[in-house]
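Chemist: Sequence and computational prediction follow.
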There are 2 protein chains.
Amino acid sequence: MTDAEAKKPQESLQDRLTQVVDLLHRQRLVEELTHRQEGPHHQLVEDLVHRQNLAELQRKLNELHPADIARILEALPLEDRLTIWQLVRAERDGDILLEVSDAVRETLIADMDDHELIAAAKEMDADELADLAPELPRDVVHELMESLDAQQRERVRSALSYDEDQVGALMDFEMVTIREDVSLEVVLRYLRRFKELPSHTDKLFVVDYDGMLKGVLPIKRLLVSDPEIQVGEIMAVDPVSFHPDENAYDAAQAFERYDLVSAPVVDKNGKLIGRLTIDEMVDLIREEGESEVLNMAGLREEEDIFASVWKSVGNRWSWLAVNLVTAFLASRVIGLFEGSIEKLVALAALMPIVAGIGGNSGNQTITMIVRAMALDQISSTGNTARLLRKELGVALINGLVWGGVIGAVAYLLYDSWSLGLVMTAAMTLNLLLAALMGVLIPMTLARLGRDPAMGASVMITAMTDSGGFFIFLGLASLFLL
Amino acid sequence: MTDAEAKKPQESLQDRLTQVVDLLHRQRLVEELTHRQEGPHHQLVEDLVHRQNLAELQRKLNELHPADIARILEALPLEDRLTIWQLVRAERDGDILLEVSDAVRETLIADMDDHELIAAAKEMDADELADLAPELPRDVVHELMESLDAQQRERVRSALSYDEDQVGALMDFEMVTIREDVSLEVVLRYLRRFKELPSHTDKLFVVDYDGMLKGVLPIKRLLVSDPEIQVGEIMAVDPVSFHPDENAYDAAQAFERYDLVSAPVVDKNGKLIGRLTIDEMVDLIREEGESEVLNMAGLREEEDIFASVWKSVGNRWSWLAVNLVTAFLASRVIGLFEGSIEKLVALAALMPIVAGIGGNSGNQTITMIVRAMALDQISSTGNTARLLRKELGVALINGLVWGGVIGAVAYLLYDSWSLGLVMTAAMTLNLLLAALMGVLIPMTLARLGRDPAMGASVMITAMTDSGGFFIFLGLASLFLL
């Protein structure tokens, strides 16, 4: 991947997107005209305009950073996206493929033939290739592997052997290593022999003859120190380092906590095998935030917003199905009390309030808890009871206050103080249930080794719906009929 | 702030937290015993044990990185948190205050007297001081400002003059500047005169005599180039730079897109006034993800999970109140159809299914749209119609399939094919409504200049509840009675 300094973005991404879209539309207009108006003369003129537009578009694209082109591709519907993709200079294909989201990458790869794919992938480093490999056709991967030297092939294999949420899958191999028994002067001279240093090189890795990590030499320290002294004297021993089978998200949190830019990855014997850099960690932090939002809403994965209707249905159907079952159960709870509702139809009108407020409040609790768990603020060391007490306290206050308000409204509407009291009591009890479940659901999921955010919203709503109906209709049947 | 290399985390944060909590609890136990068992001998023994425990705890804390102590403080209930806070060495107070979340910082500051606060803040740089100032007592800020030299005071004032979501509030002033007409050799010698370079120095800023930014010299390039050549020959002109009044989150996205570690901030004349670094941007990216999750659930802000019950009630009440109003409206919609429900009580049991599935599906849509808007994938340039078509398509398929299933179940339960048909039709229409609102609500909020995630979940649920009840009961009244 090239590592040129990005050019100053004179215009915002949104402006650039608008320009590209304008050019695209102008070109489409020309295409339509060409089809409608026949005749050799028109043809010529239109061809000329068409080509001018394409040329302008291509010029615009060539000026853009691969990351910007990636963003533009993501923001375009499929046909426009592929038009732009065709115009991108072939040698930039690889960089752009690495920048787009998985969902969009799929649409781009589907548009490329094997020859193009191999050309794009040949420019890549081992870790980038490993990123891409699972989405490439089998024979393309095979041909690519054949074209690599033994070390590169070994690296790709190694990166592919880790889960995508392990450090090993995210590390790269572009390390500058030095020995501890040389002077800084020698290090500086050694560095000058490089044509270019790897991106995000903020420290050099100090290794012994067996490749064991002895320490790191921060570039900052190299620059301010006397060139006569030895690496060993000023290197940082015991730097933050990671193992390839560690959880990548934990590593990202460590990067955030310790403000790291790069860090060594060592195997269990302490041998240096790769490094992590902040750019990969930033992507991970963003993705983690995204997946929390998506999971809570019951979406399986990030969606290309311009995905086909069928793809979207596929992404969303599973939690909808769960919701259907839970809604059906809630409906059966109401079914139990059909006799009561027939006698007092006001119950039918009031029951969704009890269920709704419970759902809203439960969602607030579960969101708090899921967040705190993601930040490691909640452990299994006896905080549960305290959190539960607090959430139940909040629920009790809200239940009495808001339940009181809605109870008063029910009294005014239906002129029955006992209905009002039942309403207040049911609200309070359902809010307590919501608090209890809002704490217990994510904790139970975590203890079962699941993602605590997984469909949290659907589950808590299911509890507060069925529970709310049962509590309200049950109390009403006991005390009002 | 010190910039020492973080030590290798031998144990996970969770382990260390557990250790600290264990020590704390052992100490509390001792305290309790001391109170219960009187007599001079016991007193002596207990005091000794107590002091040993405290000493061990303090030793553990001294070994930890300020960021780790911050995490531990966040994960502890208030009384334990303050016990630990007292044990932290005074000179580390400042670093830790800068690392904890706003909610926790408030509890820590409340525990410090003016003298301690001034001591902690005196170690800080101008930008850090500006971060903290809004939360400090007025006279402490006044005294701190008095103690600063004119340049520092001006910097703090400048940083305070920006909103917290503007670049100006996040920039720091620790820049290394050089001139373009000197050789790299001179630059290297100049750097050796520093005792330490600012953290995240991956480039030097090239300025002219008036302080105007002429370019940047990446350290990477400095290290591999011939020392004889001049800065001007190899510096990157036109680097990515920011203005202090730009949106900080846009800057964070640019850092992510262009893999930046640091970037210059210039005023509108092009004069260098500060710099942004990736560590601040990472925090911002995480916070943005968090606030999206919190806002969608209708929480006003991040909560200290061990906040008092009253504080939590305060954080959550506003959206609960909104929800109460919307639930009441939905209840009134049902009220309109009480006559129909009296005649056919099955309607009461079935109506929450229509509303619930609509809410779930609407939440999926609105989550997708809010995400895409946060990533700038949706603009006002005519994508709305296309997105709407897609979401309506998904809704139509889901409505016919799941509505069909639930219609069949309704037929089996109540032995009425017309009831089943009404159910299917109502489900489909409510899902279409959910899709429409899921796209329009966030887009409208954005057009009004509001955060599109703001209470999105509460609002979409309100629509699909009232709408679902109206559609289902309305259709039933028309066709079944």
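Modeler: Alright, I've got the coordinates.

Chemist: what's the distance between the closest residue to A:L117 other than its chain neighbours and chain B?
Modeler: Nearest residue to A:L117, sequence neighbours excluded (Cβ to Cβ, 6 or more residues apart in numbering or on different chains): A:V140, at 5.0 Å. All C-beta atoms are positioned from the backbone trio N, CA, C, and that covers glycine. With distances taken as Cβ to the nearest Cβ, to the nearest Å, A:V140 is found 27 Å from chain B.

Chemist: Enumerate every residue touching A:I278.
Modeler: Going by Cβ atoms under 8 Å, 6 or more residues apart in numbering or on different chains, A:I278 touches A:H200, A:F255, A:L260, A:V261, A:S262, B:V261, B:I278, B:V282.

Chemist: Check A:A130 too.
Modeler: Counting by Cβ under 8 Å, 6+ apart, A:A130 touches A:R155, A:V156, A:A159, A:L160, A:A169.

Chemist: Check A:L24 too.
Modeler: Residues counted as contacts of A:L24 (Cβ under 8 Å, 6+ apart) are A:L57, A:D80, A:T83, A:I84.

Chemist: What pLDDT does the model give it?
Modeler: For A:L24, the pLDDT comes out at 72.

Chemist: three-state assignment of A:T201?
Modeler: Under the three-state scheme (DSSP: H, G, I helix; E, B strand; the rest coil), A:T201 adopts coil.

Chemist: isn't it right up against A:I219?
Modeler: Yes - judged on Cβ atoms under 8 Å, A:T201 makes contact with A:I219 at a distance of 6.8 Å.

Chemist: so what's the residue in chain A that chain B sits nearest to closest to, chain neighbours aside?
Modeler: Nearest residue of chain A to chain B: A:G289, at 2.3 Å (Cβ to the nearest Cβ). Spatial nearest neighbour of A:G289, excluding adjacent residues (Cβ to Cβ, 6+ apart): B:G289 at 2.3 Å.

Chemist: quick one: pLDDT of that neighbour?
Modeler: Reported pLDDT for B:G289: 78.

Chemist: any idea how far it lies from A:L284?
Modeler: When distance is defined by Cβ to Cβ, to the nearest Å, B:G289 is 11 Å away from A:L284.

Chemist: Compare these two and say which is more crowded by neighbours.
Modeler: B:G289 (22 against 19; other Cβ atoms under 10 Å in any protein chain shown).

Chemist: Distance of A:D172 relative to A:R105?
Modeler: From A:D172 over to A:R105 the distance is 19 Å, taken as Cβ to Cβ.

Chemist: the more surrounded of these two?
Modeler: Between A:D172 and A:R105, counted using other Cβ under 10 Å, A:D172 has the larger neighbour count: 24 against 21.

Chemist: Now the residue nearest in space to the middle of chain A: which helix or strand?
Modeler: Nearest to the geometric centre of chain A sits A:E287, at 2.0 Å (Cα atoms, centre = their mean). Counting by DSSP states H and E, the element that carries A:E287 is helix A:278-296.

Chemist: Go through whichever helix or strand comes after that helix and flag the buried ones.
Modeler: Sequence order places helix A:309-336 as the next helix or strand after helix A:278-296, per DSSP H and E. Burial within helix A:309-336, assessed by neighbour count using 16 or more other Cβ atoms under 10 Å in any protein chain shown, is assigned to A:309, A:311-313, A:315-317, A:319-320, A:322-324, A:326-328, A:330-331, A:333-335.

Chemist: How about stretch A:395-415?
Modeler: Of all the residues in stretch A:395-415, those buried under the rule 16+ other Cβ under 10 Å are A:395-407, A:409-411, A:413-414.

Chemist: Chain B next: which of these are close?
Modeler: A:I397, A:N398, A:W402, A:V405, A:I406, A:V409, A:L413 (Cβ under 8 Å from any Cβ of the partner chain).

Chemist: so the fifth one, which of the three states?
Modeler: In this case it means A:I406. Going by three-state DSSP: A:I406 is helix.

Chemist: Enumerate every residue touching it.
Modeler: Contacts for A:I406 (Cβ under 8 Å, 6+ apart) come out as A:I353, A:I357, A:M423, A:T424, A:M427, B:L324, B:F328.

Chemist: Next one: it, what pLDDT does it get?
Modeler: 92.

Chemist: just the third one next, same as before
Modeler: The score at A:W402 is 91. That number is its pLDDT.

Chemist: Tell me the spatial nearest neighbour of it, not counting adjacent residues.
Modeler: B:L324 (5.6 Å).

Chemist: Likewise for the second one?
Modeler: Leaving out its chain neighbours, the residue that sits closest to A:N398 by Cβ to Cβ, 6+ apart is A:L431, at 5.5 Å.

Chemist: pretty sure the one you found contacts A:G359?
Modeler: No - with contact defined as Cβ under 8 Å, A:L431 does not reach A:G359; the gap is 10.4 Å.

Chemist: host element of A:Q52?
Modeler: Per DSSP H and E: A:Q52 is located in helix A:40-63.

Chemist: Give me the mean pLDDT for the next helix or strand after that helix.
Modeler: Note on helix A:40-63: by DSSP H and E, the next helix or strand toward the C-terminus is helix A:66-74. For helix A:66-74, mean pLDDT rounds to 86.

Chemist: just checking, next helix/strand downstream of helix A:66-74?
Modeler: Counting by DSSP H and E, the next helix or strand C-terminal to helix A:66-74 is helix A:78-87.

Chemist: so how far is whichever helix or strand comes after that next one from its chain's centroid?
Modeler: Once the chain leaves helix A:78-87, the next helix or strand it forms, by DSSP H and E, is helix A:93-99. Centroid separation for helix A:93-99 versus its chain: 18 Å, with Cα atoms, centre = their mean, to the nearest Å.

Chemist: To what extent is the closest residue to A:A254 other than its chain neighbours buried, counted in neighbours?
Modeler: With sequence-adjacent residues excluded and distances taken as Cβ to Cβ, 6+ apart, A:A254 is closest to A:V240, at 6.2 Å. Using other Cβ under 10 Å, A:V240 has 21 other residues around it.
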